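>>> Generate a structure from the sequence data that follows.
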Amino acid sequence: MARSASIDPFIEIGTIARSHGLKGELKVHFNTKSPEVVQQLEMVYVQNSRGDYFPCRIKQIRTEGEEHRISFFVHFEHIADRNDADALRGKSIFIETDKSSPFFEDDIVDLNYIDFEVVDTNNHHKGLVIDEIDNGAQLVIVVATTSGTLMIPVVDQFVEEIDEVKSQILCKNLDLLEG
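Sure, this is the predicted structure:
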């Protein structure tokens, strides 16, 4: 069956953030929070400077982190060391469009916390999320408060619960960040 000319054969599923370690492992930000979907990948494609897609067979994928923020680390078969890995920094990762549905079926592709209300454990309103910063280690939310802005790392020490239905983030230990 012929593919329609208007359908792009590849779709972006992530971005290579940086190299990690000396053996060529890469930290990758995938457009999904589901480790199960990512772990099933065997082959992805990276676009070179001419716009050509070249295949990259995955040797290993591992995850780190907890439910609030999962980091993915990928080792491609053709990457031997940190120098090879550094050459891919900032490149997008693609898969064939007809194999992409697991990445997009749950609408978790671009979840963000902008405009979420932040409350403390006493249910006092602290402010609204106005920005997110991914520093490579964790997500940090920037909260507009009545006295300025507050930057809260999205880690268990400060975030008790994220209620996506209510668009609300329950935080604790904020006194450690204020002051």
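>>> Do you have the helices of the protein handy? List them.
Counting by DSSP state H, the chain has helices at residues 35-39, 82-86, 101-104.
>>> and Lys172, how many neighbours?
By other Cβ atoms under 10 Å, the residues close to Lys172 number 15. (C-beta placed from N, C-alpha, C; glycine too.)
>>> residues contacting it?
Counting by Cβ atoms under 8 Å, 6 or more residues apart in numbering, Lys172 makes contact with Asp120, Thr121, Gln157, Phe158, Val159, Glu160.
>>> average pLDDT for stretch 65-79?
Averaging pLDDT along stretch 65-79 yields 79.
>>> which residues are contacting it?
By Cβ under 8 Å, 6+ apart, stretch 65-79 touches 14, 20, 23-30, 33, 35, 38, 56-64, 84-85, 88, 138-139, 154-156, 159, 162.
>>> Mind doing that once more with 6 Å?
Contacts of stretch 65-79 with the rest of the structure, by Cβ atoms under 6 Å, 6 or more residues apart in numbering, involve 20, 24-28, 30, 35, 38, 56-57, 59-64, 85, 138-139, 154, 159.
>>> Put the buried members of those into a PyMOL selection.
A single PyMOL command selects the buried members of those (16 or more other Cβ atoms under 10 Å):
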select buried, resi 20+24+25+26+27+28+30+38+56+61+85+139+154+159
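>>> Mind checking which of the contacts of stretch 65-79 land in strands?
Those of the contacts of stretch 65-79 mapping onto strands are 20, 25-28, 30, 56-57, 59-64, 139, 159, per DSSP state E.
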